[in-house]
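>>> build the 3D model from these lines:
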Amino acid sequence: MRVLLAASEVAGFAKTGGLADVAGALPRALARMGVDGQVVMPLFDSCLRTGRCEPTNLRCRVPVGPGDGVEVEFWRSTLPGSAVPVWFVSSGDMFNRDQPEYGRSLYQFAGTDGSRRDYPDNGARFALFARAALELPRMLDWWPDTIHANDWQTGLLPVYLRQHLDNHPDPGVAERARRVSTLFTIHNIAYQGAFPPSMMEWARLDWQLYNPLQLEFYHQLNFLKAGLVFADQISTVSPTYSREIQTPWFGCGMQGVLVERADRLSGIVNGVDYEEWNPAVDRHLPARYDESSFETHKPECKRMLQTRLGLPALPERPVLGMIARLVEQKGFDILRPAAQAFLTHGAQLVVLGVGDSRHRQMLRGLADQYPNQVGVYLGFDEKLAHLIEAGSDAYLMPSQYEPSGLNQLYSLKYGTPPIVRGTGGLADTVTDTNEATLADGTATGFVFQEYTAEALRDCGLRALHLWSQRHDQWNAVVRNGMRQDWSWSRSAQSYLALYRKMRRGG
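Got it, this is the predicted structure:
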């Protein structure tokens, strides 16, 4: 089985969210199962800064844009800790413009007012990436059974495969291309890649495809819809989310397409890289621990976390941790009134994140109001992220929606019971604590349903009560969570079964 995974970001080279974690971990897990896999992504500045990317002599002109196309060259590396090849698409300054010190990231830049804005040529950038990725099999003479595309940045890839390569002027290329199947994975359906109709010309797509049944969506070319319509199979990152996105409340306008293709849609929960996220081996922690030693070693992580964020290092104060992009999806609009209730009951709150200014202001306001109870780090710090998972007593994920979620899985492993809303992957991975689940040994966290500050408050106070009043039962919940297996080997088995189902043969 040969698989080419295409993604706009891959952990170890470029990362803004969970997509990078999936793209970095899944190919390694598949390789351990005997899959011949390779990865392709854009060459960002962050990739070059790793010092692990090397140029190759592979160059070609990609048939997009004006004239005779756009010239690209390919660079090469391997996924960290593996022999899985990673190929990088480079083309002038199309991709390598991310410079955090100047407010530039992979997809956006900071305006003069501090707000984040998409690069105006994102459509051209990722049309080029999708079409260039399809040149790799031909240039390497390595044809995959499946191309696994991820999110809107690769949405045109299934279109190009079926419309361009299946009809390639070289009969040999066309024959090989027709044997390649495509899987399109939705990591977050809210981000769709919608561009003006003129992008059809730049992307060199047949105008006959610009219709409501294929590429057009509300008078724009929609990259995500392209992937949904043209891929052989569609997956998303949890079973519950796969059902939710078929409804108007979660489908973001794509529910009709997904209902029509429901027989091609599946949900596979993301896995955790336990080599990276495991308190027993975590190099970022002052004290490592496992299920048998968390009672003695986890408090040292808590003490360091409190000290790091300028809070009194009081072991009797419960610490609630949160790591998230500061956007509405993550529940920040219901957090403040609930957080005030937690703080009134003596808890400390630590938050790590970057994002919208109104949520930054809200968090700063809480920190000013409760200087000995609220610690906020506005930015991203990998070491601090690990310390929050280990040093917190419970972890907050009050998401409005959550396709899969990884932090709740990290929290389970780190003995930090998650407090979550029952949506998407959170509903699939966290079992609420009540008398019945305590009795049968399945309780792993705390779950609320309604997206309201009151529901979050009540759920959080329920967790704090158990932490302070029922110590043995709290530790039982911690142990239940730490025993869970959400490793990538489990998820990779599901992906491999799907790849086999899609195989075109020949």
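>>> how about the secondary structure of residue 96?
The local conformation at residue 96, judged by DSSP: H, G, I helix; E, B strand; the rest coil, is coil.
>>> can you report how many residues neighbour the nearest residue to it once chain neighbours are set aside?
Spatially, and ignoring its direct neighbours in sequence, residue 96 is nearest to residue 45 (4.7 Å; C-beta to C-beta, 6 or more residues apart in numbering). For every residue, glycine as well, the C-beta is placed using N, CA and C. Using other C-beta atoms under 10 Å, residue 45 is surrounded by 16 other residues.
>>> make sure residue 45 is actually in contact with residue 101.
No. Counting by C-beta atoms under 8 Å, residue 45 stays clear of residue 101, with 10.7 Å between them.
>>> now do the phi/psi pair for the nearest residue to residue 393 once chain neighbours are set aside.
The spatially closest residue to residue 393, leaving aside those adjacent along the chain, is residue 318, at 4.6 Å (C-beta to C-beta, 6+ apart). Note on residue 318: its backbone torsions stand at phi -70, psi 140 [degrees, to the nearest 10].
>>> mind listing what residue 318 touches?
346, 347, 348, 393, 394, 464, 467, 468 (C-beta atoms under 8 Å, 6 or more residues apart in numbering).
>>> which one of these is nearest residue 302?
residue 393 (7.1 Å; C-beta to C-beta).
>>> how close does the closest one sit to residue 177?
Distance from residue 393 to residue 177, counting by C-beta to C-beta, to the nearest Å: 54 Å.
>>> which one of these two is surrounded by more residues?
residue 393 (24 against 21).
>>> looking at the contacts of residue 318, which are in strands?
The strands, defined by DSSP state E, take in 348, 394 from these.
>>> tell me the buried residues within the contacts of residue 318.
By neighbour count, with 16 or more other C-beta atoms under 10 Å, those hold 347, 348, 393, 394, 464, 467 as buried.
>>> state the pLDDT value of the second one.
pLDDT, residue 348: 98.
>>> tell me if I'm right that it and residue 376 touch.
No. Counting by C-beta under 8 Å, residue 376 is not a contact partner of residue 348; they are 11.6 Å apart.
>>> for the stretch 51-200 of the chain, what spans make up the strands?
Ranges of strands in the stretch 51-200 of the chain, per DSSP state E, counting those that start in this stretch, are 54-62, 70-78, 85-90, 108-110, 116-118, 146-150, 181-186, 194-195.
>>> pretty sure residue 54 is touching residue 74, no?
No. Assessed by C-beta under 8 Å, residue 54 is found out of contact with residue 74, at 10.3 Å.
>>> comparing these two, which residue is more hemmed in?
Neighbour count, other C-beta under 10 Å: between residue 54 and residue 74, residue 74 has more, with 22 against 9.
>>> what's the neighbour count on the spatially closest residue to that one that is not a sequence neighbour?
In space, and not counting its chain neighbours, residue 74 is closest to residue 58: 4.2 Å by C-beta to C-beta, 6+ apart. Neighbour count for residue 58, taken as other C-beta under 10 Å: 15.
>>> from what I see, residue 58 and residue 137 are in contact.
No. Applying C-beta under 8 Å, one finds residue 58 not in contact with residue 137, separated by 11.9 Å.
>>> residue at max distance from the center of the protein?
For the chain, the largest distance from the centre (C-alpha atoms, centre = their mean) belongs to residue 171, which lies 38.3 Å off.
>>> number of residues surrounding residue 213?
By the criterion of other C-beta under 10 Å, residue 213 has 10 neighbours.
>>> oh, that last question was meant for residue 138, not what I typed.
Counted with other C-beta under 10 Å, residues neighbouring residue 138 total 17.
>>> thought it was touching residue 173?
Yes. Residue 138 is in contact with residue 173 according to C-beta under 8 Å; the separation is 5.7 Å.
>>> so who does residue 202 touch?
Shown in contact with residue 202 (C-beta under 8 Å, 6+ apart): 64, 65, 66, 123, 124, 127.
>>> what's the weakest-modelled helix or strand in the chain?
Every helix and strand of the chain was ranked by mean pLDDT, DSSP states H and E. The lowest is strand 116-118, at a mean of 89.
>>> quick check: buried residues in that one?
By 16+ other C-beta under 10 Å, strand 116-118 has no buried positions at all.
>>> and that strand, what does it pack against?
With contacts defined as 3 or more C-beta pairs under 8 Å, 6 or more residues apart in numbering; DSSP states H and E, strand 116-118 has these neighbours: strand 108-110.
>>> just the residues contacting the strand it packs on, thanks.
Residues outside strand 108-110 that contact it (C-beta under 8 Å, 6+ apart) are 102, 103, 104, 116, 117, 118, 119.
>>> so for it, mean pLDDT?
Strand 108-110 comes out at a mean pLDDT of 91.
>>> kindly report the same for stretch 363-380.
Average pLDDT, stretch 363-380: 95.
>>> can you tell me the distance between the two ends of it?
15 Å (C-alpha to C-alpha, to the nearest Å).
>>> chain center to it: distance?
How far stretch 363-380 lies from its chain's middle: 26 Å, per C-alpha atoms, centre = their mean, to the nearest Å.
>>> give me the buried positions along it.
Buried residues in stretch 363-380, counted by 16+ other C-beta under 10 Å: 363, 366, 367, 370, 373, 374, 375, 376, 377.
>>> can you add secondary structure and distance to residue 149 and give those back as CSV?
As requested, those are exported to CSV (DSSP: H, G, I helix; E, B strand; the rest coil; distance: C-beta to C-beta, whole Å):
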residue, secondary structure, distance to residue 149
363, helix, 36
366, helix, 40
367, helix, 41
370, coil, 45
373, coil, 45
374, strand, 41
375, strand, 40
376, strand, 37
377, strand, 34
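>>> biggest helix in this structure by residues?
helix 453-469 (DSSP state H).
>>> and the contacts of that one?
When contacts are defined by C-beta under 8 Å, 6+ apart, helix 453-469 is touched by residues 318, 320, 331, 334-338, 341-342, 345, 347, 393-394, 396, 398, 417, 419, 421, 433, 446-449, 473-474, 477.
>>> ok, and for it, which residues are buried?
Residues 453, 455, 456, 457, 459, 460, 461, 462, 463, 464, 466, 467 are the ones in helix 453-469 that count as buried (16+ other C-beta under 10 Å).
>>> got those residues as a markdown table, with pLDDT and distance to residue 38 columns?
A markdown table is the format used below for these (pLDDT from 0 to 100; distance: C-beta to C-beta, whole Å):
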| residue | pLDDT | distance to residue 38 |
| --- | --- | --- |
| 453 | 97 | 47 |
| 455 | 98 | 45 |
| 456 | 98 | 43 |
| 457 | 98 | 48 |
| 459 | 98 | 44 |
| 460 | 98 | 45 |
| 461 | 98 | 50 |
| 462 | 98 | 47 |
| 463 | 98 | 44 |
| 464 | 98 | 48 |
| 466 | 98 | 47 |
| 467 | 98 | 47 |
